[in-house]
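>>> Give me the fold of what follows.
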Amino acid sequence: MQWESWSAFWDMGGFAFFVWGSYGLTLLLVVGELILVVRRRRDTVRRLLRLRRANVAGVGGRRAFEEIVE
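Okay, the predicted model is just below:
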């Protein structure tokens, strides 16, 4: 597509609300997913470190694992 001016580009032939709204919503969802992935990874790393510390301290076994998973 070719536009006559920048204002025509931003107007998107009268469908600017739908076009830019779709881009905005997609961006919001992608950023939200990235935030959730980072949080899940951080929590998983913390749980694994607690499990390792419990095993090194001699607590070990199934009980230590169940406490960490909860």
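>>> And the helix or strand hosting V37, what does it pack against?
Assigned by DSSP states H and E, V37 belongs to helix 16-56. Contacts defined by 3 or more Cβ pairs under 8 Å, 6 or more residues apart in numbering; DSSP states H and E place helix 16-56 against helix 61-69. C-beta here means a position set from N, CA and C on the backbone, and glycine is covered the same way.
>>> what is the mean pLDDT for the helix it packs on?
Averaging pLDDT along helix 61-69 gives 59.
>>> how far is the helix holding V37 from where the chain is centred?
Its chain's C-alpha centre and that of helix 16-56 lie 2 Å apart, by Cα atoms, centre = their mean, to the nearest Å.
>>> ditto for stretch 44-63
Distance of stretch 44-63 from the chain centroid (Cα atoms, centre = their mean) equals 26 Å.
>>> buried stuff in that stretch?
51, 54 (16 or more other Cβ atoms under 10 Å).
>>> CA atoms only: put it into CSV for me.
C-alpha atoms of stretch 44-63 as CSV (Å, rounded to 0.1, in the frame of the first residue of the first chain):
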residue,chain,number,x,y,z
THR,A,44,11.7,-22.2,39.4
VAL,A,45,15.4,-21.2,39.9
ARG,A,46,14.6,-20.3,43.6
ARG,A,47,12.9,-23.7,44.2
LEU,A,48,15.8,-25.6,42.6
LEU,A,49,18.3,-23.7,44.8
ARG,A,50,16.2,-24.4,47.9
LEU,A,51,16.1,-28.1,46.9
ARG,A,52,19.9,-28.2,46.4
ARG,A,53,20.5,-26.5,49.8
ALA,A,54,18.2,-29.0,51.5
ASN,A,55,20.0,-31.9,50.0
VAL,A,56,23.4,-30.5,50.9
ALA,A,57,22.3,-29.8,54.5
GLY,A,58,21.3,-33.5,54.8
VAL,A,59,17.6,-33.0,55.0
GLY,A,60,17.1,-34.5,51.5
GLY,A,61,14.6,-37.1,50.7
ARG,A,62,11.0,-36.9,49.6
ARG,A,63,9.9,-34.7,52.5
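>>> tell me which helix or strand of the protein sits lowest on mean pLDDT?
Across the helices and strands of the chain, mean pLDDT, DSSP states H and E gives its lowest value to helix 61-69, namely a mean of 59.
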